[in-house]
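# Build me a model from this:
(chains A and B)
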Amino acid sequence: MIRSLLFVPGNNPGMIQSADVFGADGVIFDLEDSVHIYEKDNARNLVGSFLANHPIRPAKIVVRINSFDSPYVIADLEAIVSDRIDYILLPKATAKDLKQLDEHLTEIEKKTGMQKTIGVIPLIESAASLVEAKNIAFCPRVEAMMLGAEDFTADMGITRTKKGDELAYPRAKLAVICKAYDILAIDTPFTDVNDDLGLRDDALTAMNLGFTGKAAIHPRQVGIINNVFSPTEEKITWAKRVMEAKKDADKKGFGVFSLDGKMIDKPVIARALAIREQARACKAWDDNDEE
Amino acid sequence: MKTGIAGSLESNDVMITIKESEEQKIEIKSIVDAFFHDDIENTVKDVLRTKKLENVEVLVQDRGALDYTIRARLLTAIARMEKSDD
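From the prediction side, this is the model:
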């Protein structure tokens, strides 16, 4: 389960070595936009050295490499690909790029005798990428997709607003595709780091459309995002009651039953089961309660 | 003379300057010199040995960098020195 992914600039040792303390489900070491063009070598060596030599690392590690329209992809991959990372975040992703990335990763994994297969999270940042998002989701190694709203709105020639109405369509489309391909849907960061209420509303909007998590650009955003993407006490209580009522119904041989006057059938039970899985992942579900 | 510089003087970072020389010379200026001088020197020597570099002069201006940062900055400085013009 990935509710929050915290971006950490790849050339900042102070932030890199503290990345595990902010409570994010995963950390994205960034070699792309947060690193000046003259410091790309410094950043990839720093992240590579951290991964190879530092004893304490975040639970889930993602590295955002530079895009395939830059000259840095191969050097980035050679510096950071190892058993110690979980995902590559690929900016400006296209299906063609993902095929190339898969070939490079396969070669490095074979050459270095790695024990695991690195996953890929494509960043959907243009109209063209959104149109082919279904093909991107189907590419090898893709375990999640992330919306990149700043580049997306720039590509569309529209203004990004705090309310985010302009993102309704790309968000909805991406969330549906991710669900259809059974991969995680990670929402774009909220860029005003001082607006906690705005962040909460933005995260709720994404969650209600089907996103499973959201990127953060500041440690103070992590708690709010984790909270929004965790099941509420109310939902957990409801799911437990549905589970209990289902047990009774099973004993009586009923496929459909009612709870608080509302019909409970297969889709509703599936929703309760999904809440149970989320709650278990957040350690908020005690299986002993299910008697 | 070929020279390479990498890193910064920000907290938790280190700035490393390396240049060709007739003999190996390592100068360390660190805010934690009293406690970690030898560790920093050993890290620098280890990286130089790995890169098979002997006759170089290294200036380490440390602001409390951990071992992985010193290694990374030195590797970048070496690469930049090797790419630089005389």
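# Tell me where the model's unsure across chain B.
Residues of chain B that meet the criterion pLDDT under 70 lie in B:86.
# quick one: the helices in the stretch 51-200 of chain A?
Ranges of helices in the stretch 51-200 of chain A, per DSSP state H, counting those that start in this stretch, are A:73-80, A:95-112, A:127-131, A:133-137, A:149-156, A:168-180, A:196-209.
# So for chain B, which of those helices sits nearest?
helix A:73-80 (9.6 Å; C-beta to the nearest C-beta). Backbone N, C-alpha and C define where each C-beta goes, glycine included.
# That closest one - contacts with which helices or strands?
helix A:40-53, helix A:95-112 (3 or more C-beta pairs under 8 Å, 6 or more residues apart in numbering or on different chains; DSSP states H and E).
# can we see that at 6 Å?
helix A:40-53 (3 or more C-beta pairs under 6 Å, 6 or more residues apart in numbering or on different chains; DSSP states H and E).
# Among the helices of the stretch 51-200 of chain A, which comes closest to residue B:68?
The closest approach between residue B:68 and any of those, judged by C-beta to C-beta, belongs to helix A:73-80 at 12.9 Å.
# Give the buried residues for that closest one.
When burial is assessed from 16 or more other C-beta atoms under 10 Å in any protein chain shown, helix A:73-80 yields the following buried residues: A:73, A:75-77, A:79-80.
# could I get those residues as TSV with pLDDT?
Compiled in TSV, the buried residues of helix A:73-80 are given as follows (pLDDT from 0 to 100):
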residue	pLDDT
A:73	97
A:75	97
A:76	97
A:77	97
A:79	95
A:80	96
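# ok so, going back, quick one, which of the helices of the stretch 51-200 of chain A is nearest to residue B:39?
Comparison of the helices of the stretch 51-200 of chain A against residue B:39 by C-beta to C-beta identifies helix A:73-80 as nearest, at 24.2 Å.
# where's the residue lying closest to residue A:168 once chain neighbours are set aside relative to residue A:150, distance?
Here the nearest residue to residue A:168 in space, its sequence neighbours aside, is residue A:209; by C-beta to C-beta, 6 or more residues apart in numbering or on different chains that works out to 8.0 Å. Note on residue A:209: its distance to residue A:150, by C-beta to C-beta, to the nearest Å, is 19 Å.
# The two - which one has more neighbours?
Under the neighbour definition other C-beta atoms under 10 Å in any protein chain shown, residue A:209 and residue A:150 were set side by side, and residue A:209 has more, 17 against 13.
# tell me the contacts of the more buried one?
Taking C-beta atoms under 6 Å, 6 or more residues apart in numbering or on different chains as the contact definition, residue A:209 lies against A:171-172, A:175.
# what do you get for residue A:251?
Contacts of residue A:251 were listed using C-beta under 6 Å, 6+ apart, and none were found.
# tell me which element it is part of?
When elements are assigned from DSSP states H and E, residue A:251 belongs to helix A:233-252.
# Tell me the first helix or strand C-terminal of that helix.
As assigned by DSSP H and E, the chain's next helix or strand after helix A:233-252 is strand A:257-259.
# Now do that next one: everything it contacts.
The set of residues external to strand A:257-259 that reach it, using C-beta under 6 Å, 6+ apart, is A:245, A:249, A:264.
# one more time with 8 Å, if that's ok
Applying C-beta atoms under 8 Å, 6 or more residues apart in numbering or on different chains, the contact partners of strand A:257-259 are A:241-242, A:245-246, A:248-249, A:263-264.
# closest to chain B among the residues you listed?
Of all those, chain B sits closest to residue A:242, with 49.2 Å by C-beta to the nearest C-beta.
# For the closest one, give me its contacts.
A:259, A:264, A:268-269, A:272.
# How is chain A partitioned into domains?
Structural domains annotated on chain A: A:4-228, A:233-289, as defined by automatic domain parsing.
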